[in-house]
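1. my questions concern the predicted model and sequence given below.
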Amino acid sequence: MSERKNDGFINYELQEFKLFEPLFKWARKKSLWIVAFCTGCGGIEMPPLATARYDFERFGIMPNPAPRMGDLFLITGYVTPKTLKRIIITYEMMQDPKYVMIHGSCPINGGVYWDSYNVVKQLDKYLPVDVAIAGCMPRAEAVMDGIMEIMRKIEDGTADGWKRYRENYEYYRKNQDELFGEGWREKDARRWLAWI
Amino acid sequence: MDMNEKPKVEEKVEEQKPQEVPEVEAPKLPDTKEGKLVAELLEKAPYAEGNVRRERRVEFKVPADRIKEFLELASEKFEMLIQISVVDWLKEGEFELVYQLWSVSESVHAFVRTRIPRENAKMPTVMDIWPVAETYEREAHEFFGIVFEGNPRLGPFILEPREHEKHPLRKDFNMIGYVKTIYGEDFDRYDESKTNYVI
Ligand code: SF4
């Protein structure tokens, strides 16, 4: 604990909060706010999920337009290098703890676009992924199942992608730089995010 | 049956009779609205060839240097440009451009085909006839590298621009090699060791 005090982040695992940790975990699990990045065809499964048929709000899940307030980052569909830049910046804007769920075969291994010049093959190389739902595209039931899975993982503490991203930042950063070229944050991201 | 037995491909090949190629006659224009449309246009533009494919579908072949002239004539009847598609004929060293026009008044779809050499492919823009051509020309420029003279928006590739990514739909673009260099080798089903045999 003590050696991580100066890492620039607020360390919420302080000793005095350990007692309330099960309560925090339960609360996090029951109030997932989704930042949906619907890049591809997969976005079409979100409306049935959100409306009366499957109604994910009964689980405390809510679509949320601001990354600063989101917990669950949902990436639904193929990811091109151009969108991957936005995804990474959005992910880094979200606060800890944050969870990533990917949706469909495309972000897992390229899916039907596996030999396309413009689809990122493994999202896992650039971002830590907690739950991946296979299928092209997964039905809304499968997405519900994935959400159940991530709730279970939050409860037993194995949804630790945000920690892995911090600990293995060099690895992820290296892969990102390999794809986009060095200095892409300064060159591109500053165009949309003036404060970077 | 033995599972390893090969299917008898040769016999199947022998069974096939060589198909007789029907003799291509000079197309006679039928006495329909399509036929009249084509005849009317060809009268004004004798350098072009035209025929009727089927109901509501007509086709023209125009030499590349007179395409602008022809499209200007055609735009009186065909008010809408639906698409400009490109075919890459690698062996012949040519690009085939297909201007797809739609006649709103007559409900007829027209293909206007023209061929240009692959090297330094250049065409005049048709933005002044149909402003929507800007997008289609830009697309043809990005994917095939055809320069449309007079179109101001022929920029670099709209997705991630790299030098060697410029014309990915050309037939001689090495897609697999490109993908392997950009995204790493550890993903695909051509993996020899089969450790990452995923799809
Ligand atoms: S996995 Fe299938 S449905 Fe999902 S984005 Fe890819 S192609 Fe579309």
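-> Structure received.
2. mind listing the strands for chain B?
-> When secondary structure is read from DSSP state E, chain B shows strands at B:49-54, B:57-61, B:80-89, B:94-103, B:108-117, B:122-124, B:147-149.
3. could I get the buried residue list for stretch B:148-155?
-> For stretch B:148-155, burial by neighbour count (16 or more other C-beta atoms under 10 Å in any protein chain shown) applies to B:148, B:151, B:154. Yep, even glycine has a C-beta here, placed from its N, CA and C like the rest.
4. and which of the residues you listed is nearest to chain A?
-> Comparing these against chain A with C-beta to the nearest C-beta places residue B:154 closest, at 19.0 Å.
5. and the spatially closest residue to that closest one that is not a sequence neighbour, how close does it get to residue B:81?
-> Closest residue in space to residue B:154, ignoring its immediate chain neighbours: residue B:141 at 4.6 Å, by C-beta to C-beta, 6 or more residues apart in numbering or on different chains. To residue B:81, residue B:141 is 16 Å away according to C-beta to C-beta, to the nearest Å.
6. show the low-confidence segments of chain B, by residue range.
-> For chain B, applying pLDDT under 70 flags the ranges B:1-27, B:160-166, B:186-199.
7. ranges for the helices of it?
-> For chain B, the helices defined by DSSP state H cover B:9-15, B:33-44, B:67-74, B:133-144, B:175-183.
8. quick one: the third one to strand B:94-103, angle?
-> Using axes from the mean of the first three to the mean of the last three C-alpha atoms, to 10 degrees, the direction of helix B:67-74 lies 10 degrees away from that of strand B:94-103.
9. buried stuff in helix B:67-74?
-> B:67-68, B:70-71, B:73-74.
10. helices or strands up against it?
-> The contact analysis (3 or more C-beta pairs under 8 Å, 6 or more residues apart in numbering or on different chains; DSSP states H and E) places helix B:67-74 against helix B:33-44, strand B:94-103, strand B:108-117, strand B:122-124.
11. again, 7 Å this time
-> helix B:33-44, strand B:108-117 (3 or more C-beta pairs under 7 Å, 6 or more residues apart in numbering or on different chains; DSSP states H and E).
12. what does the fourth one give?
-> The criterion is 3+ C-beta pairs under 7 Å, 6+ apart, and the helices and strands that helix B:133-144 contacts are strand B:80-89, strand B:147-149.
13. need those strands in a markdown table (columns: distance to chain A).
-> Putting the helices and strands packed on helix B:133-144 into a markdown table (distance: least, C-beta to the nearest C-beta, whole Å) gives the following:
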| stretch | distance to chain A |
| --- | --- |
| strand B:80-89 | 16 |
| strand B:147-149 | 21 |
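14. any idea which of those gets closest to the ligand?
-> Across the helices and strands packed on helix B:133-144, the ligand has its closest neighbour in strand B:80-89 (23.1 Å, C-beta to the nearest ligand atom).
15. okay, now the sheet partners of that closest one, with direction.
-> Sheet pairing of strand B:80-89 (DSSP bridges) gives strand B:94-103 (antiparallel).
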